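Q: Model the following, please.
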Amino acid sequence: MSQRNAQNRRFDVETPEAEKQGFDDLKADYPPTFEGNDGKVIAHSLSLAAQDGKAVAFDAHGHALIEIDHAAERRLRWKIDLHIIPIVAIMYMWCFLDRTNIGNARTNKLEAQLGMSGYDYNVALSTFFVAYIVFEIPATMTCKIMGPGRFIPLITFLFGLISMLTAWVTNYGGLCAIRFFLGIAEAGMLPSIAYYLSRWYRKDELVFRLALYIVAAPIAGAVGGLIAYGVFQLKSIGSLTDWRMLFLVDGVITMGFGIIGYFAMTNSAETAKWLSPEEKALHAVRIKSGNVGTTVTVDAIHSQSFWQGICTSMRCGAALIRQSTSRPGSAASCSCSTTSSSRASPSSFPRSSLPSTRRLLSLNAI
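A: So this is what the prediction gives:
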């Protein structure tokens with residue numbers, strides 16, 4: 001594609017002269033044209049205008065103002081995949097592991113050493129979700145203010161630290177408190193990663209990338225038991241024994257990935273050191289083409305849009321469905337119930353209470 005074609009592919013139908021003049025004035029403000037290593041034009045200089053929020057990707061008649069080398073776009077997309085997806089998927093997997101390892105810890109004297117009985121274990125699980133639900137929106141707003149490239153590694157380090165500190169809990173009340181703080185730390189993880197990926201991919205590319213990191217949750221469930229089995233083969237780690245070793249190991253590894261993420265992640269393509277200027281310009285064009293009519297991307301929080309999103313009935317219904325059908329960590333705990341010596345047997349309850357007990361166990365397995 002020649003430079004002339006890249007600059008002059010304008011209008012196939014009649015267009016007002018004023019609109020043409022504005023288009024020419026905009027081109028004059030951004031004269032350079034970037035070329036790839038093979039000499040092909042990657043994107044017209046209007047990509048810089050799009051990056052600055054000064055141009056839309058299409059004219060009033062829907063014709064593209066910018067042409068993109070699709071081979072260069074594929075190379076850029078693959079490069080972004082390699083730099084973004086692995087780190088966010090790994091951090092989300094360890095987020096899920098730190099949340100669910102209490103089920104594996106239960107099989108190794110957790111309840112006996114903390115003096116728990118009856119429904120104490122279920123209450124400890126619920127304290128996590130109380131904090132998770134209450135603090136999810138404030139955490140997401142904080143991510144918007146700080147930027148996901150810094151917020152996600154920070155909370156990863158924090159919930160890794162909290163998971164590690166669980167190894168020194170000495171009573172049931174301390175366990176409930178530490179689970180509450182863990183819920184606060186993990187509350188913003190899922191929406192923050194989704195927001196972060198939306199900065200890198202167009203809408204038609206985003207769904208597949210969201211699936212790539214969400215699938216880390218069942219992977220965590222698959223490998224969590226194996227990790228616990230390996231850790232429990234050790235007699236002790238310093239003064240820590242039994243279930244305490246699992247929280248220590250999982251927490252330290254999570255903190256390590258949080259530190260790696262701090263240096264590996266960036267808030268946006270404009271600050272990514274692993275992208276060349278040509279690739280940054282191409283990325284700006286790609287994102288702009290997926291937001292027709294948007295003139296600038298603003299990181300500030302708009303109160304009206306915020307409350308409209310909160311109060312939409314469809315969003316509220318989806319949130320209720322998600323919270324009622326997603327109880328991570330409980331499956332492991334339910335599967336371990338037969339091995340816990342401190343759990344009361346069904347025969348110890350009055351016959352009238354058995355139906356409610358069955359309902360509780362079935363919910364615990366979701």
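Q: Quick check: residue 235 is in a helix.
A: No: Residue 235 is assigned coil when assessed by DSSP: H, G, I helix; E, B strand; the rest coil, not a helix.
Q: Next, give phi and psi for it.
A: phi -80, psi -40 (degrees, to the nearest 10).
Q: I'd assumed residue 241 was in contact with it.
A: Yes: if you go by Cβ atoms under 8 Å, residue 235 and residue 241 touch, sitting 7.2 Å apart. Using the backbone N, CA and C atoms, a C-beta is placed for each residue, glycine as well.
Q: Comparing those two, which residue is more hemmed in?
A: Shown here are residue 235 and residue 241; by other Cβ atoms under 10 Å, residue 241 has more neighbours (15 against 8).
Q: I'd like to know how far that one sits from residue 261.
A: As judged by Cβ to Cβ, to the nearest Å, residue 241 and residue 261 stand 31 Å apart.
Q: Residue 123 too?
A: Separation of residue 123 from residue 261 (Cβ to Cβ): 33 Å.
Q: and what of residue 94?
A: In this view, residue 94 and residue 261 are 10 Å apart by Cβ to Cβ.
Q: Identify the contacts common to those two.
A: Counting by Cβ atoms under 8 Å, 6 or more residues apart in numbering, the residues touching both residue 94 and residue 261 are residue 156.
Q: rewinding a little: ok, residue 123 and residue 261, which is more surrounded?
A: Set side by side, residue 123 and residue 261 show more neighbours around residue 261, with 20 against 14, by other Cβ under 10 Å.
Q: so what's the more buried one up against?
A: Contacts of residue 261 by Cβ under 8 Å, 6+ apart are 87, 91, 152-153, 156.
Q: and those as TSV, adding pLDDT and neighbour count?
A: Below are those laid out as TSV (pLDDT from 0 to 100; neighbours: other Cβ atoms under 10 Å):
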residue	pLDDT	neighbour count
87	94	19
91	95	27
152	96	27
153	97	21
156	97	31
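Q: now, which of the residues you listed lie within helices?
A: Within the contacts of residue 261, residues falling in helices by DSSP state H are 87, 91, 152-153, 156.
Q: so residue 284 is in which element?
A: helix 277-289 (DSSP states H and E).
Q: helices or strands next to that helix in the packing?
A: If you count contacts as 3 or more Cβ pairs under 8 Å, 6 or more residues apart in numbering; DSSP states H and E, helix 277-289 packs onto strand 34-35, strand 41-43, helix 46-51, helix 70-106.
Q: Please repeat the previous calculation with a cut-off of 6 Å.
A: In terms of contacts (3 or more Cβ pairs under 6 Å, 6 or more residues apart in numbering; DSSP states H and E), helix 277-289 is packed against strand 41-43, helix 46-51.
Q: averaged over its residues, what pLDDT does the first one have?
A: Taken as a whole, strand 41-43 carries a mean pLDDT of 43.
Q: Any stretches of this protein with poor pLDDT?
A: Along the chain, the parts satisfying pLDDT under 70 run over 1-67, 290-366.
Q: Quick one: residues contacting residue 135.
A: 184, 187 (Cβ atoms under 6 Å, 6 or more residues apart in numbering).
Q: mind redoing it with 10 Å?
A: 142, 180, 183-188 (Cβ atoms under 10 Å, 6 or more residues apart in numbering).
Q: Also residue 256?
A: By Cβ under 10 Å, 6+ apart, residue 256 lies in contact with 94, 156-157, 160.
Q: By neighbours, which of these wins?
A: Among the contacts of residue 256, the one with the most neighbours (other Cβ under 10 Å) is residue 156, at 31 neighbours.
Q: what's the distance between it and residue 188?
A: Relative to residue 188, and taking Cβ to Cβ, residue 156 is found at 11 Å.
Q: Please apply the same query to residue 100.
A: 18 Å.
Q: more neighbours, those two?
A: Comparing residue 100 with residue 188 by other Cβ under 10 Å, the one with more neighbours is residue 188, at 26 against 23.
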